[in-house]
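Undergrad: Test case, fold it:
(chains A and B)
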Amino acid sequence: MSAYRAFGDESRRQALIADIRARGPIYTAWLTRASIEGDISFVSEDFGLHPALARLLPALGAFGEAEDTLSFHETLFDAIPVGADTGGLARQALLLAWRDPVYGRSKVVAPGPLHDACEDVIALVEQSIDAPVDKKAWRAARAKLANVGRDDAGVVTGVDMVMSLAWNLDQAPGAAHDVMTAWASGVNIEADASDEDCFSAEENATFETEMNRISGEAMEALSQKQSIDNIDVEDFLAEVDKIWAANPAQNALRLRAQARRERSNAKMAAWRAAIQRRVLEIANASLPARMESQPDARPARTLDQPRL
Amino acid sequence: MSNLKIVTTQAFEAEVLKSPIPVLVDFHAVWCGPCKASAPALEDAAREFEGEIAFVKVDVDEEPALAKAYDVQGVPTFIVIKDGQPVERFQGLVSRGKLAAVLESFAGAGQ
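TA: Next comes the predicted model:
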């Protein structure tokens, strides 16, 4: 089990909550040059959260793209008893990426040798919640998974996600971020594919070609007026809008694409909310049991309960 | 300390082409965001496969001849070189899952 113990004392928990309240969603609050390059070690050093959990939290909050994540993060921090080892919580949360009955990727990999190889990895993740798993076991499970053919492109993101699960999170906590990225990608693809207004292959190709052409044209037009280094994003987007609008036939395609993106985003928001609820359930159910030796640990809230 | 060795054109033959073990070459650039974002995964993989696969970095701006020789069109580009020959290549931000999927087969028993 890891050397990280949550918060250290109650004041550190409150300091963390105050920090993200003041600086915005976690992804924004923790955004530094080092964090972009994968280093958010200060979260573990200052607040005692397992590095894998620290890497999960921005992803569970949609990397700052959702505005409704503060409540989730505050509730989760309240659910974690002071002194808890949160490595197990991170592993249990990651298992949802495979096992959740609605959003887990298990369902995209058909029963057979490939699914079995994925399950071998999942078994190791489960084992690692309570006891260390040695490197040989991880390597053997990964090698088995790597050697099983996967011709169906539809399962690739699911299998890549499992391959990211097959790492010792105490030594490679960044794998938690990889799992969440692959998971979100898979769910996003699924949301797009199930949309009521999917593009045909021809429409997809036309749209992509037009997008690239118009982006280039907008950049060219703006660069006539100013240095390319000084082009403002807002100006660029306004120029792109103008060019699209000038061609009603192509613009109709763009409007359909935008509407589809909004529908997919809504599906992703529902997914995120469901997974956040599941993570809180896991935290509420498992952490107090692991903290029996600390009878003064506070009971957790649910997302529906107001903060005191 | 980083497990990713920076390799120049002069050292490429000795460090990569004549390496007794497979080498993952990371063609990168200092200005490239996905290259920086890929670095932690590469560090983890280098530690995981230590002694079985070597990991080196080539700066495409500093070593344009190498980039041209391996037809590197964008960064990051990763090429696995075994016995002096490129045997696998992929491009873009890389995850630990992707690295494991590619590298396990080159790592042999590795255990």
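Undergrad: rest of the way, CA atoms for contacts and neighbours
TA: Will do.
Undergrad: Report the buried residues of stretch B:97-109.
TA: Across stretch B:97-109, burial judged by 16 or more other Cα atoms under 10 Å in any protein chain shown covers B:G97, B:K98, B:L99, B:A100, B:A101, B:V102, B:L103, B:E104, B:F106, B:A107.
Undergrad: between these, which is nearest chain A?
TA: Closest approach to chain A among the buried residues of stretch B:97-109 (Cα to the nearest Cα): B:G97, at 3.8 Å.
Undergrad: how much space between the closest residue to that closest one other than its chain neighbours and A:G158?
TA: Nearest residue to B:G97, sequence neighbours excluded (Cα to Cα, 6 or more residues apart in numbering or on different chains): A:S164, at 3.8 Å. As judged by Cα to Cα, to the nearest Å, A:S164 and A:G158 stand 10 Å apart.
Undergrad: Residue nearest the middle of chain A, spatially speaking?
TA: Against the mean C-alpha coordinate of chain A, by Cα atoms, centre = their mean, the closest residue is A:A59 at 3.1 Å.
Undergrad: where do the helices sit along the chain?
TA: Chain wasn't specified; assuming chain A. A:10-23, A:26-29, A:33-36, A:41-47, A:51-60, A:69-79, A:87-99, A:113-130, A:135-147, A:156-165, A:174-193, A:201-223, A:233-245, A:248-290 (DSSP state H).
Undergrad: My question was about chain B, not that one.
TA: Secondary structure of chain B (DSSP H): helices located at B:9-12, B:33-48, B:64-69, B:96-103.
Undergrad: Including mean pLDDT and distance to A:L280, could those helices go into CSV?
TA: Below are those laid out as CSV (pLDDT from 0 to 100; distance: least, Cα to Cα, whole Å):
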stretch, mean pLDDT, distance to A:L280
helix B:9-12, 96, 51
helix B:33-48, 93, 28
helix B:64-69, 97, 48
helix B:96-103, 94, 26
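Undergrad: Just name the most buried of the ones you listed.
TA: Most buried of the helices of chain B by mean neighbour count (mean count of other Cα atoms under 10 Å in any protein chain shown) is helix B:96-103; its value is a mean of 23.
Undergrad: Which strands and helices lie in contact with that one?
TA: helix A:135-147, helix A:156-165, helix A:174-193, helix B:33-48 (3 or more Cα pairs under 8 Å, 6 or more residues apart in numbering or on different chains; DSSP states H and E).
Undergrad: what's that helix in contact with?
TA: A:142-143, A:145-146, A:160-166, A:175, A:178, B:41-42, B:44-45 (Cα atoms under 8 Å, 6 or more residues apart in numbering or on different chains).
Undergrad: quick one: contacts for the residue most central in space within chain B?
TA: Closest to where the C-alpha atoms of chain B average out (Cα atoms, centre = their mean) is B:V25, at 2.2 Å. Contacts for B:V25 (Cα under 8 Å, 6+ apart) come out as B:F55, B:V56, B:K57, B:V58, B:F78, B:I79, B:V80, B:I81.
Undergrad: Next: B:A54.
TA: B:I21, B:P22, B:V23, B:L24, B:A46.
Undergrad: pretty sure the first one is touching B:K82, no?
TA: I take that to be B:I21. Yes: between B:I21 and B:K82 a contact is recorded at 6.9 Å, counting by Cα atoms under 8 Å.
Undergrad: Output the below-cut-off pLDDT ranges for the stretch 51-200 of chain A.
TA: A:63-68, A:149-154 (pLDDT under 70).
Undergrad: Show me what residue of it gets nearest to chain B.
TA: Closest point on the stretch 51-200 of chain A to chain B, by Cα to the nearest Cα, is A:S164, at 3.8 Å.
Undergrad: Relative to chain B, how far out is A:E45?
TA: 18 Å (Cα to the nearest Cα, to the nearest Å).
Undergrad: okay, now that residue: neighbour count?
TA: Per other Cα atoms under 10 Å in any protein chain shown, the neighbour tally for A:E45 reads 14.
Undergrad: confidence score at it?
TA: On pLDDT, A:E45 comes in at 90.
Undergrad: OK, contacts around B:V58?
TA: B:I6, B:V7, B:T8, B:V25, B:D26, B:F27, B:H28.
Undergrad: if we go to 10 Å?
TA: Counting by Cα atoms under 10 Å, 6 or more residues apart in numbering or on different chains, B:V58 makes contact with B:5-9, B:12, B:25-29, B:64, B:66-67, B:76-78.
Undergrad: again, but for A:N168
TA: Neighbouring residues of A:N168 by Cα under 10 Å, 6+ apart: A:L124, A:V125, A:S128, A:P132, A:V133, A:D134, A:K135, A:W138, A:G174, A:A175, A:A176, B:E48.
Undergrad: quick one on the thing from earlier: quick check: which of the helices of chain A is buried the most?
TA: Highest mean neighbour count among the helices of chain A (mean count of other Cα under 10 Å): helix A:156-165, with a mean of 26.
Undergrad: Only the C-alpha atoms, please, for that helix, written as PDB.
TA: Taking C-alpha atoms only, helix A:156-165 is exported to PDB below (Å, rounded to 0.1, in the frame of the first residue of the first chain):
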ATOM      1  CA  VAL A 156      -9.300  -1.000 -30.200                       C
ATOM      2  CA  THR A 157     -10.000   1.900 -27.800                       C
ATOM      3  CA  GLY A 158     -11.400  -0.600 -25.300                       C
ATOM      4  CA  VAL A 159      -8.300  -2.800 -25.500                       C
ATOM      5  CA  ASP A 160      -5.900   0.200 -25.400                       C
ATOM      6  CA  MET A 161      -7.700   1.300 -22.300                       C
ATOM      7  CA  VAL A 162      -7.200  -2.100 -20.700                       C
ATOM      8  CA  MET A 163      -3.600  -2.000 -21.700                       C
ATOM      9  CA  SER A 164      -3.300   1.300 -19.800                       C
ATOM     10  CA  LEU A 165      -4.900  -0.400 -16.800                       C
END
